[in-house]
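> here's my sequence, what's the structure:
(one chain, ligands or ions: 1)
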Amino acid sequence: MNIGEKDIGGTGPSGTRTAGTGCNVIDATGLRRSYGTTGRRAKSQKSFEAVRGIDFSVGQGELFALLGTNGAGKTSTVELLEGLAAPSAGRVRVLGHDPFTERRKVRPRIGVMLQEGGFPTELTPAETLRMWAGCTSGARPVDEALSSVGLMRRRDVRVKQLSGGERRRLDLALALLGRPEVLFLDEPTTGLDTEARHETWKLVRELRDSGTTIVLTTHYLEEAEELADRLAIMHNGQIAAAGQVMDVVAAHPSHISFELPAGFHLGDLPALEGLGVTGHDIAGRTVRLRTDELQRTATGVLVWARDKGIELRGLDVRSASLEEAFLEIAKGLEKA
Ligand SMILES: Nc1ncnc2c1ncn2[C@@H]1O[C@H](COP(=O)(O)OP(=O)(O)OP(=O)(O)O)[C@@H](O)[C@H]1O
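Numbers count the residues shown, from 1 in each chain. From the prediction side, this is the model:
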């Protein structure tokens, strides 16, 4: 594939780095987006900066997830990548081109699954895809697109009779119709039941494995954990953390909690610092320890309990999850 520009690779200011094949399909540098700065009323309007100078790149065949709280700036960012708006500052390249000014070169090579598809509800899925195929060069056969998202059974019912989850699948079928090299998925499994969500994940993995580059926004951290090669967590228009899931998670402490048996106090435990504990709290009789050295701390606590001949009820030993990392990042930034 002719990407058109050289890999800029390396580590950006926000710590993002491509893990892919050396070809960056997407490059964003110092990207900013403001609302209320264009149009006739611009001078009287107060502008709002939704994307505040972000850098990231996505390698060919990589699945990159953009996470963040409501209003963090994910959709505003993805729209810049899709060429639906121009950045107010910074630079974006998709497949080596500016997706806004060179839209005609980029659009046929990307697939976009928006949050709200907005189909004509009187058409059937087959008719919807046929209509769309008429505007798409090199479109897949309609039935192939329908069966790839598990909608063959519903090909001839009206869209208005589809469930919310089935409409999401039709959205996905439309995004896949032109065999895109780059696929943008905006909350693709919202409204899907567990089985349909797992089917969508399987399909997304297959697409990624066949070389499609995928940018995913999601509110489901489990989805990012399942699918993402790398991710970025946005907050207030900036990238607060980025990297592989395990890197983002590793930057946050693991936890051990248990109930103190009757007659024991926190001070009866061995010196917490010596066990590698970085912080603790106690609620009622439940002790919660934070640590960056889970095995050492857990061993210390268990050996202490064995030596005292006590059972630690409610014992829970867990590595940090993406959810905990996410919540800590959001909490930390709110305080900042
Ligand atoms: N057209 C617009 N005009 C003015 N402000 C906007 C516009 N679109 C979005 N915003 C604001 O920009 C910020 C980022 O919005 P954006 O939709 O990009 O966030 P998001 O991370 O996608 O949120 P969500 O997870 O809720 O979809 C929000 O504060 C939002 O209110």
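> residues contacting Thr124?
Thr124 makes contact with Arg155, Asp156, Val157, Arg158, Val159, according to Cβ atoms under 8 Å, 6 or more residues apart in numbering. (Glycine included, C-beta is placed from N, CA and C.)
> the last one: neighbour count?
Applying other Cβ atoms under 10 Å, we find 19 other residues in the vicinity of Val159.
> closest one of the contacts of Thr124 to the ligand?
When the contacts of Thr124 are compared for distance to the ligand (Cβ to the nearest ligand atom), Val159 comes out closest, at 23.5 Å.
> quick check: the closest one touching Glu122?
Yes: in this structure Val159 lies within contact range of Glu122 using Cβ atoms under 8 Å: 7.4 Å.
> show me where the stretch 101-250 of the chain has its strands.
Listed in chain order, the strands found in the stretch 101-250 of the chain under DSSP state E, counting those that start in this stretch are 110-113, 182-186, 213-217, 230-235, 238-243.
> average pLDDT across the first one?
Taken as a whole, strand 110-113 has a mean pLDDT of 92.
> coming back round to it: could you export the strands of the stretch 101-250 of the chain as a markdown table, including distance to Glu144 and mean neighbour count?
Output for those, formatted as a markdown table (distance: least, Cβ to Cβ, whole Å; neighbours: other Cβ atoms under 10 Å):
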| stretch | distance to Glu144 | mean neighbour count |
| --- | --- | --- |
| strand 110-113 | 14 | 22 |
| strand 182-186 | 16 | 23 |
| strand 213-217 | 19 | 25 |
| strand 230-235 | 30 | 25 |
| strand 238-243 | 36 | 22 |
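> can those strands go into CSV with extra columns for distance to the ligand?
Rendered in CSV, the data for those read as follows (distance: least, Cβ to the nearest ligand atom, whole Å):
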stretch, distance to the ligand
strand 110-113, 14
strand 182-186, 8
strand 213-217, 7
strand 230-235, 6
strand 238-243, 12
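> take these and write them to CSV, including distance to Gly90.
Putting the strands of the stretch 101-250 of the chain into CSV (distance: least, Cβ to Cβ, whole Å) gives the following:
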stretch, distance to Gly90
strand 110-113, 19
strand 182-186, 19
strand 213-217, 17
strand 230-235, 15
strand 238-243, 13
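> Gly71: which of those strands is closest?
For Gly71, the closest of the strands of the stretch 101-250 of the chain is strand 230-235, at 9.6 Å, according to Cβ to Cβ.
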